[in-house]
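Student: Dropping the sequence and predicted coords here.
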Amino acid sequence: MGVTHVLRGQEHVNNTPRHVALQRALSLPEPHYLHVPLIFNADGSKMSKRDKDKVARAAYKEQCALHPERFLDVPGVTAPELAKWAKDKRSQLATSALVALAERLELDLPAISVEDFRRAGYLPGTLCNYLGLLGFSPGEKDSEGKDRERFDRDYLADRFEASRIGRSNARFDRAKLLAFSADDIAALTDDAFWSLWEAWCTRYATWVSERFDEEMRKRIALALKSRCKTLADITSPSGPGAFLFLADDEILYEEKAVSKHLRKGEPDGFSVLEAVREALGSLADFSPEAIEETVRVFSEERGLGMGKVAQPLRVAVTGSAASPPLGDTLALLGSASVSRRITRCLAECR
């Protein structure tokens with residue numbers, strides 16, 4: 001088969017003498033063997049494909065006890081099969097069934113396989129860079145005199161040496177990987193980010209193109225780029241663009257934001273919303289620039305700081321006090337949606 005080198009986990013060390021004995025008995029060439037340390041989770045447990053089932057099983061048991069009817073028709077797996085799987089901690093669901101169950105549970109499964117990390121929105125170069133640091137060091141310093149951590153695949157291929165692989169097991173730090181991803185996303189040009197996100201949506205979020213035309217998708221991508229750590233963040237239910245993909249009557253208001261930005265102050269945020277709704281409703285050009293200018297003029301005429309107007313608007317249309325720039329946020333929703341959301345906020349939160 002032409003295999004010259006075998007690199008595998010150190011748990012296979014005991015198998016190697018048997019393999020060598022078989023190769024010699026059959027007069028086959030013997031490849032070189034290298035056994036490397038394992039990768040563990042942050043809690044010290046071995047990183048395994050069963051981790052996804054473990055997380056899903058715990059959530060399923062908790063939710064099924066309260067609402068068993070929700071799990072009678074999970075695609076790819078029957079209710080009796082789920083019940084049997086829940087009792088056996090070593091059993092695993094088929095990938096398609098596990099993904100369907102996670103969606104029903106509204107659960108983010110831990111990324112384990114390469115496909116998991118693709119689905120989670122990590123760039124290939126980011127993942128290769130981070131994996132290259134697990135148990136390995138290039139032995140060089142960066143411009144600040146620290147151990148070099150950021151490099152591309154060509155750099156790793158040029159400098160990789162088996163002698164630099166560590167002897168101890170590595171810990172997979174998901175927070176560090178996410179930090180790497182955030183840096184790499186931020187470094188992308190707008191065009192590059194748009195192209196990568198569009199390709200990601202084509203593979204993992206086809207509903208985006210069914211709901212929005214290309215011009216709108218690009219506007220969404222560029223407006224939210226600075227708030228993304230992965231390509232998946234835009235469409236994530238907890239991501240910076242969640243408010244865009246909800247119906248006007250599905251927005252949930254954060255009580256802390258409502259209390260701080262709507263109920264307090266003189267005038268209070270509710271009064272500001274009523275007045276600014278009229279100003280925004282009269283705009284023929286509902287572009288980010290026109291919106292920002294209207295809010296600026298509105299604030300100055302009433303002697304209010306921009307935050308006294310912008311924050312109530314954010315809460316009303318997104319449910320929270322954090323969003324992309326106000327002009328982009330309102331323009332992406334459109335005039336009619338903004339008006340409906342302000343009206344609903346006034347009715348339900350006042």
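Tutor: Sure, I can see it. Just so you know, these numbers come straight off a predicted model, no measurement behind them. Numbers count the residues shown, from 1 in each chain.
Student: contacts and neighbour counts: CA atoms only from here.
Tutor: Will do.
Student: From the contact counts, what lies against the lengthiest helix in the chain?
Tutor: Looking across the chain with DSSP state H, the single longest helix is helix 50-66. Applying 3 or more C-alpha pairs under 8 Å, 6 or more residues apart in numbering; DSSP states H and E, we find helix 50-66 packed against helix 79-87, helix 95-105.
Student: Using JSON lines, lay out those helices together with distance to residue 51.
Tutor: What follows is the helices and strands packed on helix 50-66, written out as JSON lines (distance: least, C-alpha to C-alpha, whole Å):
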{"stretch": "helix 79-87", "distance to residue 51": "14"}
{"stretch": "helix 95-105", "distance to residue 51": "12"}
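Student: just those: most buried one?
Tutor: A comparison of those by mean neighbour count, using mean count of other C-alpha atoms under 10 Å, puts helix 95-105 on top with a mean of 17.
Student: Walk me through the domains of this structure.
Tutor: 5-36, 50-105, 114-180, 188-231, 249-349 (automatic domain parsing).
Student: Looking at those domains, which is nearest to residue 43?
Tutor: The closest of these to residue 43 is domain 114-180. By C-alpha to C-alpha, the value is 8.4 Å.
Student: Averaged pLDDT, the closest one. What do you get?
Tutor: In this model, domain 114-180 has an average pLDDT of 90.
Student: Equivalent analysis for stretch 317-325, please.
Tutor: Computed over stretch 317-325, the average pLDDT equals 93.
Student: buried set for it?
Tutor: For stretch 317-325, a neighbour-count test (16 or more other C-alpha atoms under 10 Å) marks 317-321, 323-324 as buried.
Student: Pull the most distant pair out of these.
Tutor: Most distant of the buried residues of stretch 317-325, by C-alpha to C-alpha, are 319 and 324, 13.0 Å apart.
Student: how about the helices and strands packed on helix 50-66 in a markdown table, adding distance to residue 10 and mean pLDDT?
Tutor: As requested, these are exported to a markdown table (distance: least, C-alpha to C-alpha, whole Å; pLDDT from 0 to 100):
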| stretch | distance to residue 10 | mean pLDDT |
| --- | --- | --- |
| helix 79-87 | 30 | 95 |
| helix 95-105 | 27 | 92 |
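Student: right, so of those helices, which gets closest to residue 36?
Tutor: Here helix 95-105 is closest among the helices and strands packed on helix 50-66 (C-alpha to C-alpha), at 27.6 Å.
Student: List the contacts of the closest one.
Tutor: Under the contact criterion C-alpha atoms under 8 Å, 6 or more residues apart in numbering, helix 95-105 has outside partners 53, 56, 59-60, 63, 70-71, 74-77, 108-109.
Student: Kindly recompute the last result at 6 Å.
Tutor: 76-77 (C-alpha atoms under 6 Å, 6 or more residues apart in numbering).
Student: hang on, the earlier thing: what comes up buried for the longest helix of the chain?
Tutor: In helix 50-66, counting by 16+ other C-alpha under 10 Å, buried: 50-54, 56-57, 59-60.
Student: Stretch 177-192 now?
Tutor: Across stretch 177-192, burial judged by 16+ other C-alpha under 10 Å covers 177-178, 180-182, 184-186, 190.
Student: Show me which pair in those is furthest apart.
Tutor: Distances among the buried residues of stretch 177-192 were taken as C-alpha to C-alpha; the most separated pair is 177 and 190, at 22.1 Å.
Student: Which pLDDT value goes with residue 76?
Tutor: pLDDT at residue 76 comes out at 94.
Student: nope, residue 1 is what I was after
Tutor: For residue 1, pLDDT reads 67.
Student: what's the answer for residue 48, then?
Tutor: pLDDT, residue 48: 87.
Student: Burial check on it, number of neighbours?
Tutor: Residue 48: 13 surrounding residues under other C-alpha atoms under 10 Å.
Student: Just give the closest residue to it, not the sequence neighbours.
Tutor: residue 112 (7.1 Å; C-alpha to C-alpha, 6 or more residues apart in numbering).
Student: again with residue 232
Tutor: Residue nearest to residue 232 in three dimensions, not counting chain neighbours: residue 121, with 4.6 Å by C-alpha to C-alpha, 6+ apart.
Student: same deal with residue 240?
Tutor: residue 234 (6.0 Å).
Student: Which residue ranges of this structure form strands?
Tutor: Here the chain has its strands, by DSSP state E, at 5-9, 32-36, 39-40, 170-171.
Student: Make a markdown table from those strands and add mean neighbour count to it.
Tutor: Output for the strands of the chain, formatted as a markdown table (neighbours: other C-alpha atoms under 10 Å):
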| stretch | mean neighbour count |
| --- | --- |
| strand 5-9 | 12 |
| strand 32-36 | 15 |
| strand 39-40 | 18 |
| strand 170-171 | 18 |
